[in-house]
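**Student:** What would the 3D arrangement of this be:
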Amino acid sequence: MKAKGFDYLKKITAIDYTDRIEVVYLLYSTGQKKDEVVMVKLPSADPSIGSVVREYPSADWHEREMSEMFGIKINGRMPKRLLLELWNGSEAPLRKSFVWGKDYKRIE
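**Tutor:** All right, here's what the predicted structure looks like:
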């Protein structure tokens with residue numbers, strides 16, 4: 001997409017559809033003044049995707065957020081937690097399969 005002129009990454013997010021997860025990239029071309037949406041389907045069981053930080057440095061925080069909140073493994077990234085540093089649960093909290101109280105222990 002960068003070769004097509006989409007030189008700015010506005011946002012990356014994920015959507016959990018229970019049977020699959022979709023990663024959504026919102027790109028912008030400053031030259032063409034045009035948005036483009038790219039969606040990538042991942043299996044729900046063990047989702048993983050490659051990092052785009054090398055191409056789009058602004059992806060750094062978005063990838064960390066997806067990793068922690070949706071449990072998506074970002075290939076080429078260290079799994080250091082930022083948002084859920086004190087999280088004790090094993091399940092990703094923005095997944096539809098997440099159940100409060102099942103595995104969660106409050107840290108005092």
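**Student:** So which residue is dead centre in this protein?
**Tutor:** Central residue of the chain (C-alpha atoms, centre = their mean): residue 66, 2.7 Å from the mean position.
**Student:** and it, what is it in contact with?
**Tutor:** Residues in contact with residue 66 (C-beta atoms under 8 Å, 6 or more residues apart in numbering) are 12-14, 23, 72, 74. Where you see a C-beta, it was placed from the backbone N, CA and C, and this is true even at glycine.
**Student:** rerun that using 10 Å as the cut-off
**Tutor:** Residue 66 makes contacts with 12-14, 21, 23-24, 47, 49, 59, 72-74, 92, 94, as judged by C-beta atoms under 10 Å, 6 or more residues apart in numbering.
**Student:** Please report how far it lies from residue 24.
**Tutor:** To residue 24, residue 66 is 10 Å away according to C-beta to C-beta, to the nearest Å.
**Student:** Perfect, I'm done here.
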